[in-house]
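**Student:** need coordinates for the following:
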Amino acid sequence: MSFLVQRDAAEIREQWLGWALSTLPADRPAAEAAISGLYDLVGLAPPRFHWVSSPLAALLTVPPGVRPRDADRPVSERPLPYRLRWSANRLHRELDSRIRPAQQPFDQVIRYQVRGPLARSVTSSLHPPLRAAHETPFNPATSWYTTQCVSWIAHYDALHRLAGVRFTPEQDRHLGLWAAAARSCGWWWPWEGVCVVSERPVTLHTEMADDTGVVRLHHPEAPAISYGDGWDLYSWHGTQVPDWVIKDPAAQRITDEPNVEVRRCAIERIGWDAYIEQAGLHLVATAPDPGNPGSELRLYDMRKETKVLLAVNGSVERDGRRRRYGLTVPGFLTDPLAAAGWTYGLSAEQYSRLLRRT
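**Tutor:** Residues are numbered from 1 along each chain as shown. Have a look, this model is predicted:
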């Protein structure tokens, strides 16, 4: 597969990612026309539209004409989302059948460079607000929201543009309706007779998560994503955190926090050196790191039953630096080499023979 095809696939991915993560106001006429067209494909008249400012507002809203007890049903159990998902899945099968053997290598490249990274970016950037808005835990990746994800739409768009896969006029129209909806608004929730549609976020901050084009929510000083009604979420390198982690990551709050991932993020926010000083952690012992020549292992008392091993990452970060990080280890360990070995399932002697840790 030529470099030009891979380059063009990456450009298509970035184009769709831009639409997925857009903070522009929704194009309401375009969104309503596209959603009405999708209603028509399952035999329903165009709905009334009830616009809200955020996913939270959408899930707290009982739209006009919907009985409150029906509104309490999970989205995945409502009949209309199921019918629309079934219609989209049938379209997937039809479009896949249009791929000829000579076009299959393009399909594999597009799945790797377009569909996969877009799906992971949506999961990391747009699913956290959905999870936060729902009162009960759920997985957006296995629900109605998967059907709205731009990843599958971009996949078939790229197949048409890069591999020359031809669809029938009806298939083009069906795919075009899903594409227009994805480009025009935020998440939407269909009912018979009425459709609730969310505006896009007004701010959304991401960072590159890896070298495949995947992004994740992150902002070191402010909400990573916020909506017009003031609802927002904070995120540290893709991990959703309480606002205090970003605004006031004090040592005592970190000590009192029961969630280990939140503690880790808060410590990284202020830096391990600053945290150790603020928390008054006692240095137990130090040792050169044989798995990372030139770096030092430092073992500190943290809590009664635990210690923290401070080490330097063996590989270089995207910004060219080596990140210092801490790992909690059992409190009975007193030797930094034994503590480092414990994190790998090795003894102190086995760890001391490592050439380089990555």
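**Student:** for the stretch 51-200 of the chain, which segments count as strands?
**Tutor:** 188-191, 194-198 (DSSP state E, counting those that start in this stretch).
**Student:** make that the stretch 251-358 of the chain, sorry
**Tutor:** For the stretch 251-358 of the chain, the strands defined by DSSP E, counting those that start in this stretch occupy 283-288, 296-301, 306-312, 324-330.
**Student:** ok, which of those comes nearest residue 29?
**Tutor:** Ranking the strands of the stretch 251-358 of the chain by distance to residue 29, with C-beta to C-beta as the measure, places strand 324-330 first at 49.7 Å. The C-beta positions use only the backbone N, C-alpha and C, and glycine is treated the same way.
**Student:** where does the closest one sit relative to the chain's centre, distance-wise?
**Tutor:** 25 Å (C-alpha atoms, centre = their mean, to the nearest Å).
**Student:** equivalent analysis for stretch 181-193, please.
**Tutor:** Distance, centroid of stretch 181-193 to centroid of chain: 20 Å (C-alpha atoms, centre = their mean).
**Student:** returning to what we had before: next, format the strands of the stretch 51-200 of the chain as CSV and append mean neighbour count, mean pLDDT and distance to residue 39.
**Tutor:** Formatted as CSV, these follow (neighbours: other C-beta atoms under 10 Å; pLDDT from 0 to 100; distance: least, C-beta to C-beta, whole Å):
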stretch, mean neighbour count, mean pLDDT, distance to residue 39
strand 188-191, 23, 94, 7
strand 194-198, 22, 95, 8
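**Student:** in a markdown table: those, plus distance to residue 55.
**Tutor:** Shown next, in a markdown table, are the strands of the stretch 51-200 of the chain (distance: least, C-beta to C-beta, whole Å):
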| stretch | distance to residue 55 |
| --- | --- |
| strand 188-191 | 9 |
| strand 194-198 | 5 |
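**Student:** spatially central residue for the chain, please.
**Tutor:** When C-alpha atoms, centre = their mean is applied to the chain, the residue found nearest the centroid is residue 124 (0.4 Å).
**Student:** skipping its backbone neighbours, what lies nearest it in space?
**Tutor:** residue 216 (3.8 Å; C-beta to C-beta, 6 or more residues apart in numbering).
**Student:** what sits against the one you found?
**Tutor:** 121, 124-125, 206-207, 209, 235, 237-238 (C-beta atoms under 8 Å, 6 or more residues apart in numbering).
**Student:** among those, which ones are in helices?
**Tutor:** 121, 124-125 (DSSP state H).
**Student:** want to throw these into CSV with distance to residue 49 and pLDDT?
**Tutor:** Formatted as CSV, the ones in helices among the contacts of residue 216 follow (distance: C-beta to C-beta, whole Å; pLDDT from 0 to 100):
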residue, distance to residue 49, pLDDT
121, 27, 97
124, 29, 96
125, 25, 97
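**Student:** can you mark which positions in the lowest-mean-pLDDT helix or strand in the chain are buried?
**Tutor:** In the chain, no helix or strand scores lower on mean pLDDT, DSSP states H and E than helix 68-71, which sits at a mean of 71. By neighbour count with 16 or more other C-beta atoms under 10 Å, helix 68-71 contains the buried residues residue 71.
**Student:** quick one on the thing from earlier: so which strand or helix has the residue nearest to residue 124?
**Tutor:** strand 215-217 (DSSP states H and E).
**Student:** tell me which other helices or strands the next helix or strand after that strand touches.
**Tutor:** Sequence order places strand 225-226 as the next helix or strand after strand 215-217, per DSSP H and E. Packed against strand 225-226, as judged by 3 or more C-beta pairs under 8 Å, 6 or more residues apart in numbering; DSSP states H and E, are the following elements: strand 203-204, strand 232-236.
**Student:** could you report the pLDDT at residue 61?
**Tutor:** Note on residue 61: pLDDT of 82.
**Student:** please name the residues that touch it.
**Tutor:** 50, 52, 196 are the contacts of residue 61 under C-beta under 8 Å, 6+ apart.
**Student:** what does residue 342 give?
**Tutor:** 329-330, 333.
**Student:** let's see it at 7 Å
**Tutor:** Contact partners of residue 342, counting by C-beta atoms under 7 Å, 6 or more residues apart in numbering, are 329, 333.
**Student:** do you know how far it is from residue 297?
**Tutor:** 12 Å (C-beta to C-beta, to the nearest Å).
**Student:** per the record, what domains does the protein have?
**Tutor:** 3-204, 281-352 (automatic domain parsing).
**Student:** same list (those) but as TSV, adding distance to residue 248.
**Tutor:** Below are those laid out as TSV (distance: least, C-beta to C-beta, whole Å):
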stretch	distance to residue 248
domain 3-204	20
domain 281-352	20
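**Student:** weakest of the ones you listed in terms of mean pLDDT?
**Tutor:** Among the domains of the chain, domain 281-352 carries the lowest mean pLDDT (a mean of 83).
**Student:** now the farthest one out in the chain, which residue is it?
**Tutor:** Centroid-distance maximum for the chain: residue 349 at 39.9 Å, with C-alpha atoms, centre = their mean.
**Student:** what sits against the residue nearest to residue 111 when sequence neighbours are not counted?
**Tutor:** Among residues not flanking residue 111 along the chain, residue 155 sits closest, at 6.8 Å (C-beta to C-beta, 6+ apart). Taking C-beta under 7 Å, 6+ apart as the criterion, residue 155 is in contact with 110-111, 114-115.
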